[in-house]
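[1] structure, please.
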Amino acid sequence: MIVDKIQKFLGENHSIDEYLGKTLFAKQAEHAFMRQFIERKERDGVGLSSCGQCPRKLAYKHLGITTEGRDIDMRAMFTFFIGDMVEAAVTQLAILAGCNILNTGGDQTEVEWEILGHVFKGHTDGVLVGEDGVRHNVEIKSMPSYSFARFEKGFIDDGYKAQINAYMYAGGTYDTVYVAYNKDAGVLKEKIFKIEPNVVGDAQRRLSAVVASSPDRLPEREFGPNEKGLLPWQCDYCSSNITCWPGAERVVEKNRNKLRIINDNQ
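    Okay, the predicted model is just below:
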């Protein structure tokens with residue numbers, strides 16, 4: 001629906017004058033640069049894109065509790081920026097190739113989902129309107145080879161699956177055109193994922209737990225230590241891991257940094 005048209009477009013000859021002024025890529029690039037490197041700010045509240053994350057982590061943010069954990073470093077900033085650039089390039093090429101994609105870049109559609117009186121908001125990468133007038137949610141992600149290999153088999157991470165299902169439910173669409181860019185090999189492919197009621201229900205359960213939480217009644221942790229006391233990578237990369245697991249120590253396991261729980265009473 002998108003990738004094949006981009007491939008055809010890039011295989012044709014085009015003049016600069018033909019497309020001069022028809023793309024907003026430069027504006028999107030500047031916006032991404034400022035957002036990721038210059039004006040980095042912690043977004044207020046919990047966004048709908050986070051509905052697949054650990055409820056306790058989300059509760060900390062929802063309640064405005066100051067936490068300690070992993071900071072955003074230079075590597076993460078560049079990763080997010082490159083992701084923004086891939087999104088901008090794909091959407092602009094798709095539009096120039098004839099795809100009827102609406103609400104991209106700074107004009108993204110804001111979707112809302114009200115749960116227990118609280119409104120969670122999210123912004124979709126775009127909306128593709130087919131020739132039959134049907135609207136499709138659009139998601140564009142860059143990923144390493146190992147994630148891309150899983151994507152080709154029809155699998156995406158649970159967090160991303162929750163996100164697109166929440167966007168579809170809140171935005172009134174029934175499928176997502178998911179475009180993946182293999183940042184190791186420069187390959188672009190797409191798959192269509194239909195809305196899954198059970199995933200929507202799980203996202204609602206998580207967000208309900210967040211809304212119902214209080215400082216002295218936090219949701220259960222999503223993850224825990226293994227038999228060696230080591231926490232999974234989700235905890236290692238969490239911005240609240242020190243607050244959530246006080247006293248955990250950082251160790252090296254198989255040439256990778258890990259967090260290890262010292263005792264079970266944390």
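
[2] helices along the stretch 1-150 of the chain, start to end?
    Under the criterion DSSP state H, counting those that start in this stretch, helices of the stretch 1-150 of the chain are mapped to 3-10, 16-19, 25-33, 55-62, 74-96, 145-152.

[3] pick the most deeply packed of these.
    Stretch with highest mean neighbour count among these: helix 55-62 (a mean of 23; mean count of other C-beta atoms under 10 Å). All C-beta spots, glycine's among them, are computed from the backbone N, C-alpha and C.

[4] quick one: average pLDDT of it?
    Helix 55-62 shows a mean pLDDT of 97.

[5] what are the contacting residues of that helix?
    Outside helix 55-62, the residues that touch it by C-beta atoms under 8 Å, 6 or more residues apart in numbering are 45-46, 50, 65, 67, 206-207, 209-211, 213, 218-222, 238-240, 243-244.

[6] and stretch 163-179, how far out from the chain's middle?
    In terms of C-alpha atoms, centre = their mean, to the nearest Å, the centre of stretch 163-179 is set 13 Å apart from its chain centre.

[7] same check on stretch 196-209?
    Stretch 196-209 sits 17 Å away from the centroid of its parent chain (C-alpha atoms, centre = their mean).

[8] now swap in stretch 95-106 and tell me
    Relative to where its chain is centred, stretch 95-106 has its mean C-alpha point 20 Å off (C-alpha atoms, centre = their mean).

[9] got it, and stretch 252-266?
    27 Å.

[10] ok, and what's touching the worst-scoring helix or strand of the chain on mean pLDDT?
    In the chain, no helix or strand scores lower on mean pLDDT, DSSP states H and E than helix 16-19, which sits at a mean of 81. Contact with helix 16-19 is made by L96, as judged by C-beta under 8 Å, 6+ apart.

[11] pull it out as CSV, backbone CA atoms only.
    What follows is helix 16-19, C-alpha atoms only, in CSV (Å, rounded to 0.1, in the frame of the first residue of the first chain):
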residue,chain,number,x,y,z
ILE,A,16,14.1,19.2,-8.7
ASP,A,17,11.7,21.8,-10.1
GLU,A,18,9.0,19.2,-10.3
TYR,A,19,8.9,18.7,-6.5
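
[12] show me how far that helix is from its chain's centre.
    Worked out by C-alpha atoms, centre = their mean, helix 16-19 lies 33 Å from the chain centre.

[13] start and end of stretch 104-122, how far apart?
    Taking C-alpha to C-alpha, to the nearest Å, stretch 104-122 runs 13 Å from one end to the other.
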